[in-house]
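Asks: Just need the structure, nothing else, for what follows:
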Amino acid sequence: QVQLVESGGGLVQAGDSVRLSCAASGRAFSSYTMGWFRQAPGKEREFVAGISQYGGTTHYADSVKGRFTISRDNAKNTVYLQMNSLKPEDTAVYYCAADRYTTPHVMGAGGMDYWGKGSLVTVSS
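Replies: Numbering: from 1, shown residues only. Below you'll find the model as predicted:
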């Protein structure tokens, strides 16, 4: 069992940067592939970024590639999402998720085992 708690969201302006954190409790954090997803109002939850168990592999949605960076610190049981050059269309609730058996390139919202409650990021124009 893994509990995930996101933090770091808020209201920012277009062009600003924000770093989200996701703290995990439970055992064997390093055995989980971690991902960030987001859900904008009226839209389905979508994949944003994923990272393998020891951080050697990352993958991003085309919409955030070059602007967002996912990383993890297994010693701190934490995964991060650094978001730069934010746009109003990045406004969403951002969710952290964990799964033992997926990979960053194939993970999807329907296949993750554990979810945080989400952190709202609002980007004003």
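Asks: what residue lies at the spatial centre of this protein?
Replies: residue 36 (2.1 Å; Cα atoms, centre = their mean).
Asks: mind listing what it touches?
Replies: 20, 22, 48-50, 70, 79, 81, 94-97 (Cβ atoms under 8 Å, 6 or more residues apart in numbering). All C-beta spots, glycine's among them, are computed from the backbone N, C-alpha and C.
Asks: any chance of these in TSV, plus neighbour count, pLDDT and distance to residue 8?
Replies: Listed next are those as TSV, based on neighbours: other Cβ atoms under 10 Å; pLDDT from 0 to 100; distance: Cβ to Cβ, whole Å:
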residue	neighbour count	pLDDT	distance to residue 8
20	24	98	4
22	25	98	9
48	23	98	14
49	25	98	15
50	27	98	18
70	22	98	13
79	29	98	12
81	27	98	8
94	23	98	9
95	23	98	13
96	28	98	11
97	27	97	16
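Asks: Filter those down to the ones in strands?
Replies: Per DSSP state E, strands hold the following members of the contacts of residue 36: 20, 22, 48-50, 70, 79, 81, 94-97.
Asks: For this structure, just list every one of the strands.
Replies: So, for the chain - with DSSP E - the strands run 2-7, 10-13, 18-26, 33-39, 46-51, 58-60, 68-73, 78-83, 92-99, 114-115, 119-124.
Asks: now, of those, which is deepest in the fold?
Replies: strand 33-39 (a mean of 25; mean count of other Cβ atoms under 10 Å).
Asks: what are the pairing partners of that strand, and which direction each?
Replies: strand 46-51 (antiparallel), strand 92-99 (antiparallel) (DSSP bridges).
Asks: Just the CA trace of the longest one, in CSV.
Replies: This file holds the C-alpha atoms of strand 92-99, laid out as CSV (Å, rounded to 0.1, in the frame of the first residue of the first chain):
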residue,chain,number,x,y,z
ALA,A,92,-5.6,21.6,-14.2
VAL,A,93,-5.6,19.5,-11.1
TYR,A,94,-2.3,17.6,-11.1
TYR,A,95,-2.2,14.0,-9.7
CYS,A,96,0.7,11.9,-8.7
ALA,A,97,0.3,8.1,-9.3
ALA,A,98,2.3,5.0,-8.7
ASP,A,99,2.4,1.5,-10.2
